[in-house]
Each structure stands twice: as C-alpha cells, then as structure tokens.
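Engineer: just to be clear, the model below is a prediction. Sequence and coordinates:
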Amino acid sequence: MKKMKILGNPFFITGLLILITIIVTGQNLLLEKDTFESGGIGYTHYNNYLIFKQSFFHLIENMDLYQLYPNEHWDYFKYSPTFSLLIAPLAILPDTFGLFIWNLLNVLVLFYALWKLPFQSDKTRLFMIAFILIELIESIQNSQSNGLIAGLIVFAFVFLEKKQSVLASLFIVMTIFIKLFGLVSIALLILYPDKLKLITYTICWTLIFAILPLIVISIPQLSFLNYSWVNLLQQDHSISWGLSVAGLLHSWFGVEHRNVILIIGVGLFCLPFLKYKFFCELKFRLFFLSSILIWIVIFNYKAEAPTFIIAISGVIIWFVSQKIKTENVILLITTFILTAFSATDIFPNSVRANYFEAYVLKALPYILIWLKIIYDLTFYRSENDIVHDTLPNVLTVSN
C-alpha cells in the first residue's frame, strides 16, 4: 500500500497540481497571439486573465467596466465591480506571476474543497481528483474562474457541515460577486439549522462586498457601474444558448422558449424540498450539493466547455456519495467520454464540430445525471447517515 500512501498524500498531490499549473501557464505565455476573427487583432492565449486584470485599472480610472476595450483584450468584462477590486493584488503583478497565481488559486481551492468533503478514505478523494483533472486543466488553459467558483461552493458546504456559519456564508457571497449564478448556492443554507444566523451573516457579507469598491470610486460611479453591468448581462443572455438544456433542446428540436425551460428547471430543482425531513442525512445533503453544482451549468445560457469543471465536480460528488450501481457507472463513463475527451484529439475535428458541438453532446450526460439526482431526492428513502466508500470495485492500487 506504499504507492497508495504516496498518491493519497495531499502534499504530493499539491506538488503535482502546482507542476501542472506551471506547465499550463507557461504554455499560455509562450504561445503566439491568435485572432478571434479573420483579419482581427491578435490576442494572447490568456485573454480571460487580461480581462480580469484590466478591469481593476478601468475601475480606479473611473471607466465603464462593461464596454469593449479591443486594444487590451477580446470580449467584455462580465463580473461585478467588486471582483475588479478583489483582483488588484494580481493585477499589479507582471503577467507571468499574476497568471500563474490566478490559475493556481483556481486549482488548489477546488482541490482542497473536495479533499475536505466527509468521505471515508483517501482512495475516494484521489479518485475524485483524477476524474475531474482533464476538465480542470481545460478550465485553467482558458484562464477561467470556474475552478474557483466550484471550490468556493464546495467549501461553503464543508463549513456548513462544521457549523462555521461565518465562513460558509462568506464563500457563498463570494461566488455571487464573481458570477451571479452563484446565487443558486444560497439554497444550501436551507439544509441547516440556525437559518436566521446564516441569513444574517449572508446579508452582512453581501452589504460589505457590495460597497467594497467605494474604497476607490464614488457612490455615483458605483451606481453607474452596477446599472451598466446588469444591462450588459441582460443583452448578453438574450442572444445565447450555451452548452445547456436550452442549447440542447434548441439544437435537437428547435425549441426556443428559454424562459419556460428555466422556470421548469427551477421547479424541478425545488422538488427535493418536499423531502425536507431527510435533510438531516448526509447522503441527501451531498446529493443536493451535486444538484446545485450541475444546475448552475446546465441551465446557464452562457455555459462553455471550461464551465463544466463546476458540473463535473457535482457529478463525482454524486457518484461517490452512494453505493455503486450499474446505471451510475454507465452514466459516469458516458460523462467522461462525452466531456473530458470531447475536447481532445481523440475525436477528429469533424466529429467534434458536426456532432459534439452541433448537438450539444457535452451537456447531455450532465442533464441525465441531474434528472436522476432530482428523481432520487424526490423519492428519497431514509438510510444510515453514512457515506459509503464506493471505490474498492472501481479503483484499485497495486502494492
């Protein structure tokens, strides 16, 4: 079992993840600039990080954060004014160091959040990290914030389990001020006692984060930026389908009723509240956490491939939170093939373009798993409040 002890050592895994982050960051820094449109301006392969970085300088210069700045980066900044301030410690660094720290933050926050979940063995935790690794690499190759979002939501769950309300509510509010879809994670608070305390802390953190930009800008400027942000998001969502339930139904059947789909999604998401008496069981709470992580992606009209690190975290938490079932293994394998490998050279470009992208196949297994989670929660039957180690038949490590 010596190999298992090494592989299951969080310090060893941390070192490995740091090495992977160095390689990915170095690749992004060394690759030649590329264009997003024929004959257009060339942009770096860490364009998303530049969007985040430059937003800080736009903030302190009283500029509109939500306009295009094509001489600096491609696309809009779509995060909150507060995020522009929070990115300041990285923004003032050279890109080499700032990009590395940003990518590492996304990797390690998610890793340690998953590692702290209440499972019985390091074998289970190691399997979880291995399963999400390809998606995690794809996310940081795009300098995205999705690993951080997933990690903060899982950490909120971890601290709720430990009855540390201040930290749990802090992490939930942080997700909201990074990306608005973090609002869904507020549903976690319903699972726990002392709801008044949790709500109070959440409101306090929300107020603090909302006014934080006033450190560097005026009240009228903050009001203007918030208005501009909301306006951008409204316009942005009106032209999007994404790798989502709406995108899949649109590509397969020509369905165009996005708001109806969203309302149905909210209704299904809320069904487990009918089983409120089972919230006391750990397995039920873990399933609900998985539902949140997947819902955030599959009902997001702007979901892209790098966003799926959030959803795949939900999938693996769901899988290891129960005994092994044949149908679950089939769904897990399908998820791995249609998502983790869909962006690699295993499939030719023509297959990826004509099938995976055209028919939104990346989202399909997540939709099926989420529906199964909702079914299992809605028709939940009481079990012992123990999460079984589900991996002896799935993952074996030689001596």
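Structural biologist: Ah, there it is.
Engineer: next secondary structure element downstream of the helix or strand encompassing F111?
Structural biologist: Using DSSP states H and E, F111 falls within helix 95-115. Next helix or strand after helix 95-115 toward the C-terminus (DSSP H and E): helix 122-141.
Engineer: got the angle between that following helix and helix 95-115?
Structural biologist: 150 degrees (axes from the mean of the first three to the mean of the last three C-alpha atoms, to 10 degrees).
Engineer: and helix 122-141, C-alpha only, in PDB?
Structural biologist: Taking C-alpha atoms only, helix 122-141 is exported to PDB below (Å, rounded to 0.1, in the frame of the first residue of the first chain):
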ATOM      1  CA  ASP A 122      -8.200   9.000   0.600                       C
ATOM      2  CA  LYS A 123      -8.800   6.500  -2.200                       C
ATOM      3  CA  THR A 124     -12.200   8.100  -2.700                       C
ATOM      4  CA  ARG A 125     -10.700  11.600  -2.700                       C
ATOM      5  CA  LEU A 126      -7.900  10.600  -5.100                       C
ATOM      6  CA  PHE A 127     -10.500   9.100  -7.500                       C
ATOM      7  CA  MET A 128     -12.400  12.400  -7.400                       C
ATOM      8  CA  ILE A 129      -9.400  14.500  -8.200                       C
ATOM      9  CA  ALA A 130      -8.300  12.100 -11.000                       C
ATOM     10  CA  PHE A 131     -11.800  12.200 -12.600                       C
ATOM     11  CA  ILE A 132     -12.000  16.000 -12.800                       C
ATOM     12  CA  LEU A 133      -8.400  16.600 -13.800                       C
ATOM     13  CA  ILE A 134      -8.900  16.900 -17.500                       C
ATOM     14  CA  GLU A 135     -11.800  19.400 -17.100                       C
ATOM     15  CA  LEU A 136      -9.700  21.300 -14.500                       C
ATOM     16  CA  ILE A 137      -6.800  21.600 -16.900                       C
ATOM     17  CA  GLU A 138      -9.200  22.800 -19.700                       C
ATOM     18  CA  SER A 139     -10.500  25.500 -17.400                       C
ATOM     19  CA  ILE A 140      -7.100  26.900 -16.500                       C
ATOM     20  CA  GLN A 141      -6.000  26.700 -20.100                       C
END
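Engineer: where's it relative to the chain centroid, distance-wise?
Structural biologist: Relative to the chain's own centre, helix 122-141 is displaced by 13 Å; criterion: C-alpha atoms, centre = their mean, to the nearest Å.
Engineer: buried set for it?
Structural biologist: 122-129, 131-141 (16 or more other C-beta atoms under 10 Å). Just so you know, the C-beta spots here come from the backbone N, C-alpha and C atoms, and that holds for glycine as well.
Engineer: then the helix holding F111 to PDB, C-alphas only?
Structural biologist: Written as PDB, here are the backbone C-alpha positions of helix 95-115 (Å, rounded to 0.1, in the frame of the first residue of the first chain):
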ATOM      1  CA  ASP A  95       1.500  38.700 -16.200                       C
ATOM      2  CA  THR A  96       3.900  35.800 -15.700                       C
ATOM      3  CA  PHE A  97       3.300  35.800 -11.900                       C
ATOM      4  CA  GLY A  98      -0.200  37.100 -11.900                       C
ATOM      5  CA  LEU A  99      -1.500  34.400 -14.400                       C
ATOM      6  CA  PHE A 100       0.300  31.600 -12.500                       C
ATOM      7  CA  ILE A 101      -1.200  32.600  -9.100                       C
ATOM      8  CA  TRP A 102      -4.600  33.000 -10.700                       C
ATOM      9  CA  ASN A 103      -4.500  29.600 -12.200                       C
ATOM     10  CA  LEU A 104      -3.100  28.000  -9.100                       C
ATOM     11  CA  LEU A 105      -5.900  29.600  -7.000                       C
ATOM     12  CA  ASN A 106      -8.500  28.000  -9.200                       C
ATOM     13  CA  VAL A 107      -6.800  24.600  -9.000                       C
ATOM     14  CA  LEU A 108      -6.000  24.500  -5.300                       C
ATOM     15  CA  VAL A 109      -9.200  26.000  -3.900                       C
ATOM     16  CA  LEU A 110     -11.200  23.300  -5.700                       C
ATOM     17  CA  PHE A 111      -8.700  20.500  -4.800                       C
ATOM     18  CA  TYR A 112      -8.700  21.300  -1.000                       C
ATOM     19  CA  ALA A 113     -12.500  21.800  -1.000                       C
ATOM     20  CA  LEU A 114     -13.100  18.300  -2.500                       C
ATOM     21  CA  TRP A 115     -10.500  16.800  -0.200                       C
END
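Engineer: buried sites along that helix?
Structural biologist: In helix 95-115, counting by 16+ other C-beta under 10 Å, buried: 95, 98-100, 102-115.
Engineer: what's the mean pLDDT across the helix or strand harbouring L233?
Structural biologist: Taking DSSP H and E as the definition, L233 sits inside helix 219-237. What helix 219-237 shows for mean pLDDT is 91.
Engineer: neighbours around T14, how many?
Structural biologist: 16 (other C-beta atoms under 10 Å).
Engineer: verify the stated contact: it with V107.
Structural biologist: No: with contacts counted by C-beta atoms under 8 Å, T14 stays clear of V107, the gap being 9.3 Å.
Engineer: now L368, nearest residue through space, not along the chain?
Structural biologist: L331 (6.2 Å; C-beta to C-beta, 6 or more residues apart in numbering).
Engineer: from F269, how far off is that neighbour?
Structural biologist: 19 Å (C-beta to C-beta, to the nearest Å).
Engineer: likewise K325?
Structural biologist: 23 Å.
Engineer: these two: who's more crowded?
Structural biologist: F269 (20 against 11).
Engineer: buried residues in the host helix or strand of I23, which are they?
Structural biologist: Assigned by DSSP H and E, I23 belongs to helix 10-30. Across helix 10-30, burial judged by 16+ other C-beta under 10 Å covers 13-14, 17, 20-21, 24-25, 28.
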